[in-house]
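Participant: Please work out how this folds:
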Amino acid sequence: MYQRILVSTDGSELSQKAASHALQLAKSTGASLIALTVTPAYPVTYLEGSMPINAEQAKEIEAKWRAESQQYVHSIQEDGAKLGVLVTPVIVNNDNISDAILETAKEQGADLIVMASHGRKGIARLLLGSETQHVLTNANIPVLVLR
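Facilitator: Okay, here's the model as predicted:
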């Protein structure tokens, strides 16, 4: 059925649930798993009311984010090893999370994307945007959304 499943994680409890589900699905179908985390660049802005930050501080923050991302995907990789599922950890730096998920799925030859959604509705969804909605709308492979 599925050969390569991509699961997107940000380390949140909800995305850990999606990763667990993706691992079980991979195990039951004999698929491998791609554990993806997308890290954005730290915005260096000088807008009124914001604290100015220099390039060195931004690099330190980005390095911290990359280290956290390594922990997220390697945790999934360790869980996969316990289940006998081959997990490929992937960390992508991109400010557009949904586009990065779609691009990585294509590059890695994924045939299913698994991700979590907070299930926001109404004005909250409009104001906060929805990475999941963008992936659902633009993916050319199946997307499994967990809430």
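Participant: what helices or strands is the longest helix along the chain leaning on?
Facilitator: For the chain, the helix with the greatest residue count under DSSP state H is helix 55-83. Helix 55-83 sits against helix 13-29, strand 32-39, strand 87-93, with contacts defined as 3 or more C-beta pairs under 8 Å, 6 or more residues apart in numbering; DSSP states H and E. (Glycine included, C-beta is placed from N, CA and C.)
Participant: closest one to Gly109 among these?
Facilitator: Nearest of these to Gly109, taken as C-beta to C-beta: strand 32-39 at 9.0 Å.
Participant: quick check, distance from that closest one to the centre of its chain.
Facilitator: Mean-position distance between strand 32-39 and its chain equals 6 Å (C-alpha atoms, centre = their mean, to the nearest Å).
Participant: Could you name the helices and strands sitting against that strand?
Facilitator: Using 3+ C-beta pairs under 8 Å, 6+ apart, strand 32-39 sits against strand 4-8, helix 13-29, helix 55-83, strand 87-93, helix 97-108.
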